[in-house]
Each structure stands twice: as C-alpha cells, then as structure tokens.
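[1] build me a structure from this.
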Amino acid sequence: MTARLAKLAAAGYLAPLARQIGSLGGCARPIRMTGHRTRLDTVTGQILGHLESRHLPAGELLVRCGNRRTTRCRACSTLYRYDTYQLIAAGLRGGKTVPTTVSTHPRVFATLTAPGFGPVHNQPGTTPCTCGTRHADTDPLLGTPLNPQRYDYTGAVLWNAHAPALWARFTTHLRREIANAAGLTQRTLRHHATLSYAKVAEYQKRGQIHFHTVIRIDGPTGPTSTPPTWATTDLLDHSVRAAANRTRVQHQHPSKAGEADPAQPPVPTVFRFGRQIDVRAIRSADFTGAGPVTDRHVAAYIAKYATKGAETTTGTLDRRLRFLAELAQHDLTDHARRMIHAAWHLGARPEHAHLRLRQWAHMLGFRGHFSTRTRHYSTTLTHLRAERTAWRTRQPETAAPTPTDPPLAGRHSGQERASEGQPVTDRDGDRDDLIAGHTDLGPGHGAGHRAKDGRRGATDTTLVISHWQYVGTGLLPELAHLADLLATPPRPRPEQPSRPRHAQRSGDRAGHCTDPLTTAVQTGAIA
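    Okay, here's the model as predicted:
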C-alpha cells in the first residue's frame, strides 16, 4: 500500500486525490458515480463548462452518503445533527427566514413516553433498583427486563409499530384542546392561531419509542403574525397534557397468543402514551444554569437524538434483515434479540401484515419518521443545504488543476473522520464543520462557469445538462489508506539540532518534496 501511494506521489497524482477525498468531509461511505455535466448559456448557446467523471482525480465522482445514523457514518451524522440544531433553533429564536419575534410566542418542550410492558432495571433516583443494586449509567442491565419470560414483548413491539399513529392522533387532539380552551371550534381556530411544532423520536434503553417535541402557537398566518391574547404558555401546557391523555389508537388482534380462532371475534387492543408526560415552558434564549429551559438547551437536546437509532441505544441493527438467521452473525443483547424475534414472528400473522413488522424488525417495529415538523415551524434541511452549497460556490477556487488522465477509480471505504460527542452549538467556530465537503461537486470537481472575480456561479440563463449513474459505494484500498492518513493527526517530530542555512538549502535542492500536503501523507505512509 505504501509503495502504491509512493508511485502516485511520484506521478503527481497524490495531491489532487487528497483534495478530492478531503472534499468529502470524512464521509465513511461516499457514493461513487460516473457520468458528465454540461453548463450552457440559453441565450447564446455557448458552453460555459463541461465536466466528465473520468477527468476527476479518482476517475469517478465521489459524493457524501448523507446518512444520519451515527453507526453508519459519523461525519454525515454530525453534519445532520448540526443542521437539525439550526432548524430547531430557528423556530425558537428566529433566523433562517424566520422572524425573531417567534421568541415571544408561547412555546413548550414536551416529552411523550411509552407505557410499561413489565418491570425493568432502572435508576429510580436515590433508591436502588428493584433488583436491589444501584446501576451506573453505563450498566448494560439498564432497560432490560427483570423477568424476560414474563415481559410483554408482543405489546412492546406493537406499541412501537403504532407510535406514528399515536403521534398523528395526538396532534389532532391537541388542536381540539386548544380550540376548546379558547372557546372556538376546530374549524375556526385556523382564523385565529396556527399550531407549529417539530418533533424527534428517540429510543429508550428498554427499546421503546418516545417523542421529544417543541410546540409553538403563532398567529393565523404563521410565525410572521402575532398570536392572540388568549394564547398563553399555561394554556398550551394544559392542552398538551389533556391531548396526550386522550390519545388512543386501536388495533385488532386475536384474543390468544396462538392462531386466530374464526369463531371468536377479535379483541380490540388500545394503545396509548405512558403516564409520564413532561411539559416544560421555554422562557429564555440563553443558558441560565439551573433556571428555565432555554432555546439552546432544547435545540441541542433534540439534535442529539436526531442521529441515534435503536442500534445506538439498545444495541440492535442499523440495517434491515433478509432472514432471521442473520441474527446469529451479530453480537446483540438478549433483550434486543427477543424484541427482533417478536417483531419477526408477529409480521407473519395476517392481522399484522399492514404494519410490515418483518421489514422493520431491526428497528423493533417502529416505522415512522425520526424527525418531522410543520410547514410553518421554521426552515427546512433542504434550504440549509442549499445555503451551504451557495456559500461554497461563491468562494474563490483554490484547488490546483487536476490531471486529465486519472490513475485509478474509487470504491467505498470505512474511514471515519468526524468525531462524535462535540457540543452542538451555533458558534462561529462550528461553521467549518457545517460546510465541510458540501460544495456543488466539491473541491477538485469544479469545471463550470466562473465570474470575472474568479468565483464559480450560475445565472438564470444557465442550463445544466447532466447524466450520472450510480456505480457503488466505497473507495479502493489505496484511496481508503490515503483517507485514513489524512484523518490521522501528524505525529510530533523530535527536536533536532539546527543546521546551517546553506545546509538546509542544499537539502532542498537535493530533490526533497516541499509540498506540505504531499509531505504529510508520505510521512504518515512511511510511518
């Protein structure tokens, strides 16, 4: 591998390859495509630029995978978490096309949990667990049943499957409760106020879904209008609790655990939220220590769970199962394995066919969206990514010309560059992380129209004709090794006695590479 990189460095291909891989921002599984793109001026018919994938350093176009899962790609997951933070924060204090007056509107942060399906190991505060021990935060027993044989795995899986319907029913009841508290009908409520919210689904350690949501009351036209005087935080608090208590979803299933008896009518099962419903008013836009819940606190809290699935909390799978026998290849906890088995076997029953439990067995039966919002809450992830792309295209192009004869074509790798666990904020220092690797085609890919000031851009009269074909996922071993070297911080060099100036110059004339990028990569490869 070192000899191949040395050969690429000698041919002058190493620096362009490093720039193209660096434009991915540390994506663990970039998407590989081949094709071409042409920019035309629709007025004059002039070709403003043409790009072919075979002219790129890797011989193919490499695009970030954009996966939100931490276990699949930490770099893209971190970027998704940052974008979610900006989306939630904009709906709380303004910005990103949202007026700052929304910070004065009534808003609450609510958590809706699942009911219990059997006693589990937990941390009940100052008292020990039911088992008699005090569990640490990292104890793998947390969330697992005290008696797995008596735990209601069927009810737990079916509740997860009905959680999306419960949330939809909750939003309907919430509008009814607000209208009732204001002395209005649900039809006339829209002429006085608008309900805006954003929610994210999170897995508890016992494998059950619960929802974190930010709920806000706006005026009749959305965040740009003032809410009515009767719209207060207390009214919203009362309405959320009342709606959660009223929400019910029914599902038909046989009265016994075995096969359905055609002579017996099906017994309806009612699903509802748990008794633990937490509603907190959002009072301030800044941190206040032990004071009220703040905008930044809520935005960071929701963004943290937007990139975590069942595989992060309960140790299950991050991809679908084709056969149940595949579980033998994975190291799972007994509780997670039982949940997946229950979902798989329930999916074979005709009365549960519409829930597609086998397709979502790896998610413990949950098949809803992890992050949703209303149209008037704030901006969208698409808008945030478009702004990032526009900002990058306005920057001067600093990448050197790439060779026209690429040495090799890329396949996907498992390199991970971005780290998890960093605080999610909107500080100026996080700007580089947000824009990393999200240009139109990335550094080294640009071949389009350039303005007189050297910046890339397009006008309303520019027509883009492109054809891209999916090839695969990953990098060749050479590129994967190069990506690992770029992600590894350089080792500190031991201090050496200084040489005379003439000795240093003679060493430079002896053919040593002076390119800092190539030198760092060669040093890491040799080490």
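
[2] may I see the buried residues of whichever helix in the chain runs longest?
    Using DSSP state H, we find that the single longest helix of the chain is helix 153-181. By neighbour count on 16 or more other CB atoms under 10 Å, the buried set for helix 153-181 is 153-164, 166-167, 169-171, 173-179, 181. Quick note: C-beta positions are derived from backbone N, CA and C, even for glycine.

[3] off-centre distance for it?
    24 Å (CA atoms, centre = their mean, to the nearest Å).

[4] following the chain past that helix, name the next helix or strand.
    helix 186-189 (DSSP states H and E).

[5] I'd like to know how far H352 sits from H362.
    As judged by CB to CB, to the nearest Å, H352 and H362 stand 17 Å apart.

[6] repeat for A9
    Distance, A9 to H362, by CB to CB: 43 Å.

[7] okay, and the helix or strand of this structure with the least pLDDT?
    Between all helices and strands in the chain, the lowest mean by mean pLDDT, DSSP states H and E belongs to helix 431-435, at a mean of 34.

[8] export the next helix or strand after that helix as CSV, just CAs?
    Using DSSP H and E, the helix or strand that follows helix 431-435 in sequence is strand 462-473. Taking C-alpha atoms only, strand 462-473 is exported to CSV below (Å, rounded to 0.1, in the frame of the first residue of the first chain):
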residue,chain,number,x,y,z
THR,A,462,-27.7,28.9,-17.4
LEU,A,463,-28.9,25.4,-18.4
VAL,A,464,-27.3,22.4,-16.7
ILE,A,465,-27.4,19.1,-18.6
SER,A,466,-26.1,16.2,-16.6
HIS,A,467,-26.2,12.4,-16.5
TRP,A,468,-24.9,10.5,-13.5
GLN,A,469,-25.0,6.7,-13.0
TYR,A,470,-24.6,5.0,-9.7
VAL,A,471,-21.6,2.7,-9.6
GLY,A,472,-21.1,1.7,-6.0
THR,A,473,-20.1,2.7,-2.5
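
[9] output the contacting helices and strands for strand 462-473.
    In terms of contacts (3 or more CB pairs under 8 Å, 6 or more residues apart in numbering; DSSP states H and E), strand 462-473 is packed against strand 31-41.

[10] dump the strand it packs on to CSV, keeping only the CA atoms.
    The C-alpha trace of strand 31-41 is given here as CSV (Å, rounded to 0.1, in the frame of the first residue of the first chain):
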residue,chain,number,x,y,z
ILE,A,31,-21.4,7.3,-3.2
ARG,A,32,-19.5,6.6,-6.4
MET,A,33,-20.9,7.8,-9.7
THR,A,34,-19.8,8.2,-13.3
GLY,A,35,-21.2,10.5,-15.9
HIS,A,36,-20.9,14.1,-17.2
ARG,A,37,-22.3,17.6,-16.7
THR,A,38,-22.5,20.5,-19.1
ARG,A,39,-23.4,24.1,-18.5
LEU,A,40,-25.0,26.0,-21.4
ASP,A,41,-25.9,29.7,-21.8
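
[11] report the distance from that strand to the chain centre.
    Strand 31-41 has its C-alpha centroid displaced from the chain centroid by 27 Å (CA atoms, centre = their mean).

[12] same thing with stretch 466-478?
    22 Å.

[13] from now on call the first residue 33
    Taking 33 as the first residue, the last one we looked at is stretch 498-510.

[14] just the mean pLDDT for that stretch, thanks.
    On average, the pLDDT along stretch 498-510 is 82.

[15] next: stretch 35-50.
    For stretch 35-50, the mean pLDDT works out to 74.

[16] mind listing residues that contact stretch 195-207?
    144, 146, 218, 221, 227, 229, 231, 233, 241, 243, 247, 271-272, 274-276, 278-281, 303-305, 398-401 (CB atoms under 8 Å, 6 or more residues apart in numbering).

[17] low-scoring stretches of the stretch 33-182 of the chain, by residue?
    33, 39, 43 (pLDDT under 70).

[18] all helices of the stretch 33-182 of the chain, in order?
    Using DSSP state H, counting those that start in this stretch, the helices found in the stretch 33-182 of the chain span residues 34-43, 46-54, 106-125.

[19] hang on, I meant the stretch 183-332 of the chain
    Assigned by DSSP H, counting those that start in this stretch, the helices in the stretch 183-332 of the chain fall at 185-213, 218-221, 265-278, 327-337.

[20] residues contacting the shortest one, please?
    Same thing as helix 218-221. 207-208, 210-211, 214.

[21] kindly reformat those residues as JSON lines containing pLDDT.
    Listed next are the contacts of helix 218-221 as JSON lines, based on pLDDT from 0 to 100:
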{"residue": "R207", "pLDDT": "94"}
{"residue": "R208", "pLDDT": "94"}
{"residue": "I210", "pLDDT": "94"}
{"residue": "A211", "pLDDT": "94"}
{"residue": "A214", "pLDDT": "91"}
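
[22] could I get these as a markdown table with distance to A335?
    Listed next are the contacts of helix 218-221 as a markdown table, based on distance: CB to CB, whole Å:
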| residue | distance to A335 |
| --- | --- |
| R207 | 26 |
| R208 | 30 |
| I210 | 27 |
| A211 | 31 |
| A214 | 32 |
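
[23] quick check, nearest of those residues to D310?
    Of all the contacts of helix 218-221, D310 sits closest to I210, with 19.1 Å by CB to CB.

[24] next, count neighbours for the residue lying closest to that closest one once chain neighbours are set aside.
    Leaving aside its chain neighbours, I210 sits nearest to S271 (4.8 Å; criterion: CB to CB, 6 or more residues apart in numbering). Neighbour count of S271, defined by other CB atoms under 10 Å: 25.

[25] got it, and the one 10 residues further on?
    Applying the criterion other CB under 10 Å, we find 18 residues in the vicinity of V281.

[26] ok, V302 next?
    Neighbour count for V302, taken as other CB under 10 Å: 9.

[27] I'd say it and Q282 touch.
    Yes: using CB atoms under 8 Å, V302 is in contact with Q282, at 5.5 Å.

[28] returning to that earlier point: L119 is nearest to which of the helices of the stretch 183-332 of the chain?
    For the helices of the stretch 183-332 of the chain, proximity to L119 was assessed by CB to CB; helix 327-337 is nearest, at 8.4 Å.

[29] now that closest one: average pLDDT?
    78.

[30] one more: stretch 352-361?
    Here the average pLDDT along stretch 352-361 is 84.

[31] need the contact partners of that stretch.
    So stretch 352-361 is contacted by 369, 372-373, 376, 390-394 (CB under 8 Å, 6+ apart).

[32] now a PyMOL select for only the buried ones of the residues you listed.
    The buried residues among those can be selected in PyMOL (16+ other CB under 10 Å) with this line:
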select buried, resi 372+376+390+392+393+394
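
[33] burial measure for K340, as a count.
    K340: 21 surrounding residues under other CB under 10 Å.

[34] then R381?
    For R381, the neighbour count with other CB under 10 Å is 14.

[35] distance of it relative to V189?
    Relative to V189, and taking CB to CB, R381 is found at 12 Å.

[36] any common contacting residues for the two?
    Residues touching both R381 and V189 (CB under 8 Å, 6+ apart): there are none.

[37] give me the mean pLDDT for stretch 238-252.
    91.

[38] same check on stretch 401-411?
    Averaging pLDDT along stretch 401-411 gives 87.

[39] what residues sit buried inside that stretch?
    For stretch 401-411, by 16+ other CB under 10 Å, it's 402-406, 408-411.

[40] re the thing from before, of the contacts of stretch 352-361, which pair is most distant in space?
    R369 and Q391 (18.1 Å).

[41] okay, stretch 302-309 in PDB with CA atoms only?
    The C-alpha coordinates for stretch 302-309 follow below in PDB (Å, rounded to 0.1, in the frame of the first residue of the first chain):
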ATOM      1  CA  VAL A 302     -55.900   0.000  22.800                       C
ATOM      2  CA  PHE A 303     -52.500   1.800  22.600                       C
ATOM      3  CA  ARG A 304     -51.800   5.000  24.400                       C
ATOM      4  CA  PHE A 305     -49.000   7.100  25.800                       C
ATOM      5  CA  GLY A 306     -47.400   6.300  29.200                       C
ATOM      6  CA  ARG A 307     -48.300   8.200  32.300                       C
ATOM      7  CA  GLN A 308     -45.000  10.100  32.400                       C
ATOM      8  CA  ILE A 309     -45.800  13.200  30.400                       C
END
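
[42] sweet, I'm off.
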